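Participant: Just the structure for this:
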Amino acid sequence: MGIFPLTRRLSRTASGGRSTGEPATMSFLEHLEELRRCIFRALVGVVLAFFFCFAYADTIYGFMEKPLVVILKAHHLDQHLVYFNPIDPFNLYIKLGLIAGLFLASPWVLYQVWSFIAPGLYPRERRYVVPFVLGTSGLFIAGGAFAYRYAFPIALNFLISYAHRFTPQININEYFDLFATVVLGLGLIFELPTLIFFLSLLGVVNAHWLIKNFRYAVLVIFVLAAVITPTADITTMMVFAAPMLGLYVVGIGIAYIFGKDRRDRKRRSAAV
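Facilitator: Sure thing, here's the model as predicted:
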């Protein structure tokens, strides 16, 4: 099918168009063209979601500001954030629209990811499109919600309490950067089961390998937690690390289920 053929499973044969599940090939340029279309459609979805969220940027800002306001009020401190450049509030609302649009459009973006990899799956595996999109977007949103509800307030409370001798004047852009780092960071980390799902389908990892290397995974998880945790205390780092450990265990179950299913299918295909 052209130069630079790459092995990939397709649902239809070139001759009869019937679903066979047998390996076929796509050229390198066809892969690039398909990837380009998926990226373009994903970006269109994010842009549309951005404009929608930008219309409600002030409301979203109030939502983002709430954890800090609650903590400042509890410490009897001034609850108003500051800015030093007249354009800062406008830039902040643009960034808020982007991050909120990314969460809003995440089901559509992840559907495009599925559209790109689906031809390389067995026909029965392609039926998992709805669970995949709901599960992966749900994990991403759940990660952001966990950060907003638990991890971020705990980190803020530690930072404000630690600096009790000083009067805070918190810049809106610096606060947003901290908020976005924690929320997006945990949102992406909550996609760990999705990553394991893909790697198990590709045969890169399996449940036995994940269990065998569990101690190394714990080390990597705590290093990641230390990187994204905005404070240096152990308690806050544990708040970030605990869900990652739980997600890794969930990933082991996913690798066992889907890895075993794919191995069985390969054996049946080889027998035929």
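
Participant: Now residue 243. Nearest residue, chain neighbours left out?
Facilitator: For residue 243, ignoring the flanking residues on the chain, the nearest one in space by Cβ to Cβ, 6 or more residues apart in numbering is residue 146 at 6.3 Å. From N, CA and C alone the C-beta is placed, and that goes for glycine too.

Participant: any idea of the pLDDT on the one you found?
Facilitator: Note for residue 146: predicted pLDDT of 92.

Participant: Likewise for the one 5 residues further on?
Facilitator: Residue 151 is assigned 87 on the pLDDT scale.

Participant: shift numbering so it begins at 614
Facilitator: Yes, from this point I'll number from 614; that puts the last item at residue 764.

Participant: what about the helices in this structure?
Facilitator: Taking DSSP state H as the criterion, the chain carries its helices at 641-667, 670-687, 701-717, 719-730, 742-759, 765-775, 785-802, 805-814, 820-825, 827-841, 847-884.

Participant: most packed of these?
Facilitator: When the helices of the chain are scored by mean count of other Cβ atoms under 10 Å, the highest mean neighbour count falls to helix 805-814 (a mean of 20).

Participant: Counting by contacts, list what that helix packs against.
Facilitator: helix 742-759, helix 847-884 (3 or more Cβ pairs under 8 Å, 6 or more residues apart in numbering; DSSP states H and E).

Participant: can you tell me which of the ones you listed comes nearest to residue 685?
Facilitator: Evaluated with Cβ to Cβ, these place helix 847-884 nearest to residue 685, the distance being 18.2 Å.

Participant: sorry, back to before: export the helices of the chain to JSON lines and tack on distance to residue 736?
Facilitator: Below are these laid out as JSON lines (distance: least, Cβ to Cβ, whole Å):
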{"stretch": "helix 641-667", "distance to residue 736": "18"}
{"stretch": "helix 670-687", "distance to residue 736": "42"}
{"stretch": "helix 701-717", "distance to residue 736": "32"}
{"stretch": "helix 719-730", "distance to residue 736": "14"}
{"stretch": "helix 742-759", "distance to residue 736": "12"}
{"stretch": "helix 765-775", "distance to residue 736": "43"}
{"stretch": "helix 785-802", "distance to residue 736": "30"}
{"stretch": "helix 805-814", "distance to residue 736": "14"}
{"stretch": "helix 820-825", "distance to residue 736": "24"}
{"stretch": "helix 827-841", "distance to residue 736": "33"}
{"stretch": "helix 847-884", "distance to residue 736": "10"}
